[in-house]
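Trainee: What follows is a predicted protein model with its sequence.
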Amino acid sequence: MRRITGAAFPLYLSANAAVVGSSIVAATLGNFDTAALAAFALTNAVFVPAGMAAAGALRGSMPFVAAHRDDPEALRPTVRDGMWLAICIGAVGAVAVAAVPLAALVAGVPAQTLDALGAFPLILAATSLVTAISVSATSMLVGLGHTTAVMRAGLANTCVSVALILTLVLGPGPLPSLGLPGAGLAMLAASLTGATIAHIALRRATVLAGRPLRPGKPQLARIWRMARVGLPMGATLLIKFSGLGVLAFAVARVATAEAAAHQVLVVMSTFVFLPAPTVGQASVPMIAIAARNGDRPGVRRGLLAGLTVTLPVLTLSGLMLWVFADPLVWLFTSDPQVHTLVLALIPMLLLSVIVDGAQALPGFGLLAMTRTMPSLLTFVIGYGLLAMAAVPIATAGGLAWVWAAYVGTTLLLVIGQTAGFWWYSRTIDN
C-alpha cells in the first residue's frame, strides 16, 4: 500500500493539473468568442476520445517494461517497439482530428462554427501525434517506477499551456490575438514540452541511461504483441466515453435543466474519480513483476493493496463533496432548478464513483497480466446494454433513473473484470 501510494501521488497531481489546464483553455475561449468555443468543443469531441484511446492502448507497454525494469538490454527493444506503436496510434488519431472540418460539413454544423475552425483541427492533429509519443514515454516511466518524472512532465505541460493560452488567444497589451489557432499552438507547444521532458527522463534517469533509444527498424511481431494487450484497453475507454455520450443525449431529450444537471454531475464525478486510474497505473508494475515471477499471492496482493488505497480515498473525497455540495454547485450553474437536481443526486454520484473505482482496479490488474480481453468483453456487454436502454430509462424516470442505470452498469463491470482477474491469476504458478 505504501509503495502504491507513493507511486500514485505524483500521477494524481499530474492528472489534476491536466484537468485544470483543459478547464482554463475552455474558459479562456468562452470569454474570447462563443463561435471559437463551439469550434473548440467540436474538435475536442474527436481529439479527446482519440487521446483517451491512444493512452489506453499505449498502457499496453507497461507490463512488458515492468517485467524487464532491471535489465536494460532486454528493456531497449520494448521501449523501441512502444515508440513505433505510439507513432502508429498517434497517426491514426491525427488523421481523425484533421478530418473534423469535413465531418462537420457533412453533419450540417452551422457555418459560423465551421468558419471559426480555421487551422485549429490541423494544429490539433499534430498535437494528437505528439501527445501519443509523450504518453508512450510516460507509460514506460510508470512501468519503471519513475512517476515523479511523469509528474514533472505533466506539470510543465499544464504551465506552458496556461501561459500560452492567455498570451496567444487574448493577446494582452501590444501582442496580437490569434484566437482559436493560438489555442491550438499553445496546446501543441505544451505537448511538445511534456514529451521532451518525459523522453529526456526516460533516457537519463532510468536504467536506460546512456543507451541509444532510436526507434530503428520496426519489429512488427513484437509491436503486435504489445498492441494486442493495449488496444483492448484503449477500446474500453472509447466504449465508455461513447456510452456516456449516449447517456447525455438521452437526458437531453428529457429537459434542458436535467441535461445541464447531468453535465455538472459528470464534471464533479471526474474530479472525484481521479485517484482510481492513478492508483491503478501505480499498481501495474507491482502486479506485472509478481506475474513474471509466478507469484500468484503477490499478484492478488497487488490488486488488494490498490483497492485498499483507492476505495477509502474515493469515499472520503465523495463525502467532502457531499458536505460542500451546496456552494460548489453554484460555481457551475446559477439556475435554481439545476442546483436542486444536482444536490438531490449527490449520493448517487458518490455511489457511482466508488463502484467505478472498484471496477477500474481489476482492469489495471488484467493489464498487468497482459490479459485485457475480459475487460473489453465486459465493457462491450455492459455499455452496450446501457446504450440500448438509455432513452427508455431517461424517458421513464429522468436523470435519477439514468444515474441508477449507470451504477448498475458499473457493478456489472466490477463483476466481469474481477472474475476475469481471478480466473487468470489462477494460471500463475511457480
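Mentor: Arrived safely.

Trainee: Next one: Pro392 relative to Ala257, how far apart?
Mentor: Pro392 sits 20 Å away from Ala257, going by Cβ to Cβ, to the nearest Å. C-beta here means a position set from N, CA and C on the backbone, and glycine is covered the same way.

Trainee: between those two, which one's more packed in?
Mentor: Applying other Cβ atoms under 10 Å to Pro392 and Ala257 shows that Ala257 carries more neighbours, namely 17 against 12.

Trainee: helix/strand/coil for the closest residue to that one other than its chain neighbours?
Mentor: Spatial nearest neighbour of Ala257, chain neighbours left out: Gln337 (4.6 Å); criterion: Cβ to Cβ, 6 or more residues apart in numbering. Three-state assignment for Gln337 (DSSP: H, G, I helix; E, B strand; the rest coil): helix.

Trainee: how close does Gln337 sit to Ala18?
Mentor: Using Cβ to Cβ, we find Gln337 at a distance of 32 Å from Ala18.

Trainee: Name the residue in the two with the higher neighbour count.
Mentor: Shown here are Gln337 and Ala18; by other Cβ under 10 Å, Ala18 has more neighbours (18 against 14).

Trainee: Can you tell me the element the more buried one falls in?
Mentor: Using DSSP states H and E, Ala18 sits within helix 2-32.

Trainee: Could you do Gly51 as well?
Mentor: Gly51 belongs to helix 34-58, assigned by DSSP H and E.

Trainee: buried sites along that helix?
Mentor: Buried positions in helix 34-58, judged by neighbour count with 16 or more other Cβ atoms under 10 Å: 35-40, 42-44, 46-47, 49-58.

Trainee: go on, stretch 265-284?
Mentor: Within stretch 265-284, the residues that count as buried by 16+ other Cβ under 10 Å are 265, 268-269, 272-284.

Trainee: so how far is Leu175 from Leu166?
Mentor: Counting by Cβ to Cβ - Leu166 and Leu175 are separated by 10 Å.

Trainee: So for those two, which residue has more residues nearby?
Mentor: Leu166 (16 against 11).

Trainee: Skip the chain neighbours and tell me the closest residue to that one.
Mentor: Leu166's closest residue in space is Thr28 (Cβ to Cβ, 6+ apart), at 6.5 Å.

Trainee: Quick one: neighbours of the one you found, just the number.
Mentor: Around Thr28 there are 21 other residues, counting by other Cβ under 10 Å.

Trainee: Would you check how far apart it and Val169 are?
Mentor: 5 Å.

Trainee: list the residues that contact both of the two?
Mentor: Ala183 (Cβ atoms under 8 Å, 6 or more residues apart in numbering).
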